[in-house]
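Colleague: Give me the fold of what follows.
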Amino acid sequence: MDLSQYDPNGVGNPNNNIFGLPSTEENARLVIIPVPWEVTVSYSAGTARAADNIMKASMQVDLYDADYHNVWKQGYYLQEVDKKILLKSDYLRKEAELYIDYISNGEILEKNNFMCKSLREINEGSKFLNNWVYLQASELLGKGKLVALLGGDHSTPFGFIKALAEKYASFGILQIDAHCDLRKAYEGFTYSHASIMYNVLNEIPQVSKLVQVGIRDYCDEEVDYINDSNGRVVTFFDQRLKEEQYEGSIWKQQVDRIIAELPELVYISYDIDGLDPKLCPNTGTPVQGGFEAEAVNYLFRKVHESGRKIIGFDLNEVGVGDSEWDANVGARVLYNLCNLFTANNL
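Modeller: Residues are numbered from 1 along each chain as shown. Sure thing, here's the model as predicted:
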């Protein structure tokens, strides 16, 4: 169907694609890769099935956007979830649960051959996943598509960022998150969800700057990494942002400072636990504090208005609970990101 003739006032058709749009991968400007993976999550599981839940909830998203009016007519397409990847995630997740329980009790890894084997399988599986994502993203980028990624846990975008690094010689990452994700091989998992930014900075030199916003749960190792990064990592901690506001600073002033740290090319990595957990109660590792969704949308809009080019984004850690609330919020966060990204690249 010609999207210019599509009626956005009608009921969302579940037989159509994301947000009820009758898009195909061929005619869509923006293609979203779903990555159903949560092998290394260290608290609550469920995000591997986020894409299907967000797809369903997206039918209730009204398409009018006051900031990016009718940008949806460029076409958005969410690829079908690869069930083989999901099955592999489910299998390795069970292995990881046994392993995490074992080491949490203070047991010595080297004394248990089964646990050593499990750890090897998990790390090999994560390498497989990274390469799979890299190949999917590279193919779409080669076709001239705008590409985004929908996780899954926060380890999932590594291969996507690697693919972008082959297209762009230097770019920065704007990370919305409750966590730094700068741990080295957290719990022994080389590509842990808690290690994504450490791995990106360590293995992808084209990432010249990491700007983290909303961080409020972190360890000494991560603070040392930030302090020793020579400015490559700049972190705006949630506590300090709130204290500044209590003393009279306004969000616009803080946003201006955040944007000033970003280079001209920007990739957005959005862990939904950067929001207030009332908006994402079933995310993998919820932490008190965080943002309203509108505050993050404002930051993104100002990045767009600054003239910086957004080269891609990921959305991760949307949980699956007894209600559809997480998916409902996730669908709206995703829609805003799609509109922002597409408008920025018109």
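Colleague: OK, contacts around Lys145?
Modeller: Residues counted as contacts of Lys145 (C-beta atoms under 8 Å, 6 or more residues apart in numbering) are 28-31. (Each C-beta comes from the backbone N, C-alpha and C, glycine too.)
Colleague: Just confirm Trp251 contacts Glu244, I think it does.
Modeller: No: here Trp251 lies out of contact with Glu244, judged by C-beta atoms under 8 Å, at a distance of 9.7 Å.
Colleague: what residues does whatever helix or strand Ala57 lives in touch?
Modeller: Counting by DSSP states H and E, the secondary-structure element that holds Ala57 is helix 50-57. Counting contacts by C-beta under 8 Å, 6+ apart, the residues outside helix 50-57 that touch it are 14, 18, 34-36, 78, 81, 150-152, 317-320, 324, 326-328, 330-331, 334.
Colleague: of those, buried ones?
Modeller: Burial by neighbour count, judged by 16 or more other C-beta atoms under 10 Å, picks out 18, 34-36, 78, 81, 150-152, 317-320, 324, 326-328, 330-331, 334 from the contacts of helix 50-57.
Colleague: Which ones among these map onto strands?
Modeller: Residues from the buried ones among the contacts of helix 50-57 lying in strands, with DSSP state E as the criterion: 34-35, 78, 150-151.
Colleague: buried set for the helix holding Ala57?
Modeller: Judged by neighbour count (16+ other C-beta under 10 Å), helix 50-57 contains these buried residues: 50-55, 57.
Colleague: Then stretch 264-284?
Modeller: Going by neighbour count (16+ other C-beta under 10 Å), the buried part of stretch 264-284 is 265-277, 279-284.
Colleague: now do stretch 89-104
Modeller: Along stretch 89-104, these residues count as buried under the neighbour rule (16+ other C-beta under 10 Å): 89-90, 92-93, 95-96, 99-100, 102.
Colleague: Looking at that stretch now, give me its mean pLDDT.
Modeller: When pLDDT is averaged over stretch 89-104, the result is 91.
Colleague: Now go through the buried residues of stretch 264-284 and say which are in strands.
Modeller: In this view, the buried residues of stretch 264-284 that belong to strands under DSSP E are 265-271.
Colleague: now, among these, which is nearest to Asp220?
Modeller: Looking at these and their distance to Asp220, the nearest is Asp271, at 21.0 Å (C-beta to C-beta).
Colleague: Once you drop chain neighbours, what's closest to the closest one?
Modeller: Asp177 (4.1 Å; C-beta to C-beta, 6 or more residues apart in numbering).
Colleague: would you turn the buried residues of helix 50-57 into CSV with pLDDT and distance to Glu305?
Modeller: As requested, those are exported to CSV (pLDDT from 0 to 100; distance: C-beta to C-beta, whole Å):
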residue, pLDDT, distance to Glu305
Ala50, 96, 30
Ala51, 97, 30
Asp52, 96, 34
Asn53, 96, 32
Ile54, 97, 27
Met55, 97, 30
Ala57, 96, 29
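Colleague: tell me the helices in this protein, going along the chain?
Modeller: The residue ranges that make up the helices of the chain, judged by DSSP state H, are 50-57, 83-104, 113-142, 158-165, 196-203, 220-227, 238-246, 251-260, 293-305, 325-344.
Colleague: how close does Ser208 get to Phe236?
Modeller: In this view, Ser208 and Phe236 are 18 Å apart by C-beta to C-beta, to the nearest Å.
Colleague: what about the two, which has more around it?
Modeller: The residue with more neighbours, out of Ser208 and Phe236, is Phe236; 17 against 14, by other C-beta atoms under 10 Å.
Colleague: Contacts only, for that one.
Modeller: For Phe236, the contacting residues are 211-215, 254, 257-258, taking C-beta under 8 Å, 6+ apart as the criterion.
Colleague: again with Arg93
Modeller: If a contact means C-beta under 8 Å, 6+ apart, then Arg93 has 38-39, 41, 45, 48 as its contacts.
Colleague: And those residues, which is the shakiest by pLDDT?
Modeller: On pLDDT alone, Ala45 ranks lowest of the contacts of Arg93, at 83.
Colleague: chain center to stretch 267-278, what's the gap?
Modeller: With C-alpha atoms, centre = their mean, to the nearest Å as the basis, the distance from the averaged C-alpha position of stretch 267-278 to the chain average is 8 Å.
Colleague: That concludes my questions; thank you for your assistance.
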